[in-house]
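Chemist: fold the following and give me the result.
(2 chains)
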Amino acid sequence: AQSVTQLDSQVPVFEEAPVELRCNYSSSVSVYLFWYVQYPNQGLQLLLKYLSGSTLVKGINGFEAEFNKSQTSFHLRKPSVHISDTAEYFCAVSAGAAGNKLTFGGGTRVLVKP
Amino acid sequence: NAGVTQTPKFRVLKTGQSMTLLCAQDMNHEYMYWYRQDPGMGLRLIHYSVGEGTTAKGEVPDGYNVSRLKKQNFLLGLESAAPSQTSVYFCASSNSGWLGEQFFGPGTRLTVL
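Modeler: Residues are numbered from 1 along each chain as shown, chains lettered A, B, ... in the order given. The predicted model follows:
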């Protein structure tokens, strides 16, 4: 079975400050990891994904995430946030050789303050 | 190119009523999915389809049925709505299975009284 834990339900951050959103997963087989963003009153959009290769993955809008197998983590970072980054962020995992159903974490709500 | 669209955007039902949510995609994607989103629980997969004429159960299928008669459409039905089905429902589609990017619709907010 696979599971995802997002350790912070809410993260307030000032504009132009860095932000890190934590994600830990649990799986007994190989994993594929995703970060999605949901802006207010919209559906989800893919920020980035890790399938294989380099453990540092760069995504859209200046976000990046690092896959750490020993820590079973896939934390999302941005060095300088904008007001427009106010949104809810979801980590998701798909496990198994060819992938499987996505399991989403509970989400982290980021509020960027001026 | 509208992407993924959902109808309706909002709906209020009484317990025991039935309804169908429609999802349409114009990207010629093979895979389509229905999720429900509840506070603090992320998204949970209800049913999915890997191609026209196919459907499969997801994580929380009880109380829902689906049909994929046309490749571009994926219908979610509630035969006898219950208050526990109050949620925001999202449809998504992808062209590369579970490892591909899923494209989401704007959601349907359903309240069951």
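Chemist: going along the chain, name the strands of the chain.
Modeler: Chain wasn't specified; assuming chain A. Per DSSP state E, chain A carries strands over the ranges A:3-6, A:10-14, A:19-21, A:23-26, A:31-38, A:44-50, A:56-58, A:64-68, A:73-78, A:87-95, A:103-104, A:108-113.
Chemist: please refer instead to chain B.
Modeler: B:4-7, B:10-13, B:19-25, B:31-37, B:43-49, B:56-57, B:64-67, B:73-78, B:87-94, B:103-104, B:108-112.
Chemist: what about A:Asn24, distance to chain B?
Modeler: Distance of A:Asn24 to chain B, computed by C-beta to the nearest C-beta, to the nearest Å: 14 Å. Yep, even glycine has a C-beta here, placed from its N, CA and C like the rest.
Chemist: count of neighbours near that residue?
Modeler: 18 (other C-beta atoms under 10 Å in any protein chain shown).
Chemist: contacting residues for it?
Modeler: Counting by C-beta atoms under 8 Å, 6 or more residues apart in numbering or on different chains, A:Asn24 touches A:4-5, A:7, A:71-74.
Chemist: filter those residues to the buried ones?
Modeler: Those of the contacts of A:Asn24 that meet the buried threshold are A:4, A:73-74, by 16 or more other C-beta atoms under 10 Å in any protein chain shown.
Chemist: so which of those are also by chain B?
Modeler: A:Val4 (C-beta under 8 Å from any C-beta of the partner chain).
Chemist: tell me the one of the buried ones among the contacts of A:Asn24 nearest B:Val88?
Modeler: Closest approach between the buried ones among the contacts of A:Asn24 and B:Val88, by C-beta to C-beta: A:Val4, at 19.2 Å.
Chemist: can you put the strands of chain A in CSV and add mean pLDDT?
Modeler: Shown next, in CSV, are those (pLDDT from 0 to 100):
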stretch, mean pLDDT
strand A:3-6, 93
strand A:10-14, 97
strand A:19-21, 98
strand A:23-26, 94
strand A:31-38, 94
strand A:44-50, 95
strand A:56-58, 96
strand A:64-68, 96
strand A:73-78, 98
strand A:87-95, 94
strand A:103-104, 92
strand A:108-113, 96
